[in-house]
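Enquirer: this is the structure alone, sequence omitted:
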Ligand SMILES: [Zn+2]
């Protein structure tokens, strides 16, 4: 009986984590838009998968430009430490928005870890 209660609670916790993750994804999408709007260039903040089993995918966000080359649209990486050109954007607002974005990403990683653990325990039940 006690076990059953614990299991139900864990399932509830997992469902709650899933919902929180969804909310966080929506927030991250909003923040990506905000970052793009702060830059004078049409910079896209993309999350990328490295293709390895690194456990930390996706990485980023990293700044890219969308450029047309030989009639095809391609992503051009701007470099990890890229910032809007001096005088164009408000550098402070930009840095703050980026810091917030990174904090949200970290929160997402924590949530994913907790969810993974909860699911593992539930599988073993
Ligand atoms: Zn990776």
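Expert: Thanks, I have it. Being a predicted model, the structure only gives us computed values, none of them experimental. Residues are numbered from 1 along each chain as shown.
Enquirer: please count neighbours and contacts with C-alpha atoms only from this point.
Expert: Fine.
Enquirer: up against the ion, what does the protein have?
Expert: 50, 54, 57 (C-alpha under 5 Å from the ion).
Enquirer: what's the local residue count around the second one?
Expert: As a burial measure, residue 54 scores 9 neighbours (other C-alpha atoms under 10 Å).
Enquirer: likewise for the last one?
Expert: Residue crowding around residue 57 was assessed by other C-alpha under 10 Å; the count is 14.
Enquirer: so which bits of stretch 13-32 are buried?
Expert: Of the residues in stretch 13-32, those buried by neighbour count under the rule 16 or more other C-alpha atoms under 10 Å are 14, 17, 21, 24, 28, 31, 32.
Enquirer: show residues contacting that stretch.
Expert: 44-45, 97, 101, 104-105, 108, 111-112, 114-115, 118-119 (C-alpha atoms under 8 Å, 6 or more residues apart in numbering).
Enquirer: and what of stretch 38-56?
Expert: By C-alpha under 8 Å, 6+ apart, the list of residues contacting stretch 38-56 from outside reads 32, 35-36, 57-66, 84, 88-90, 93-94.
Enquirer: can you tell me which of the residues you listed are buried?
Expert: Of the contacts of stretch 38-56, these count as buried by 16+ other C-alpha under 10 Å: 32, 35, 36, 61, 62, 63, 64, 65, 84, 89, 94.
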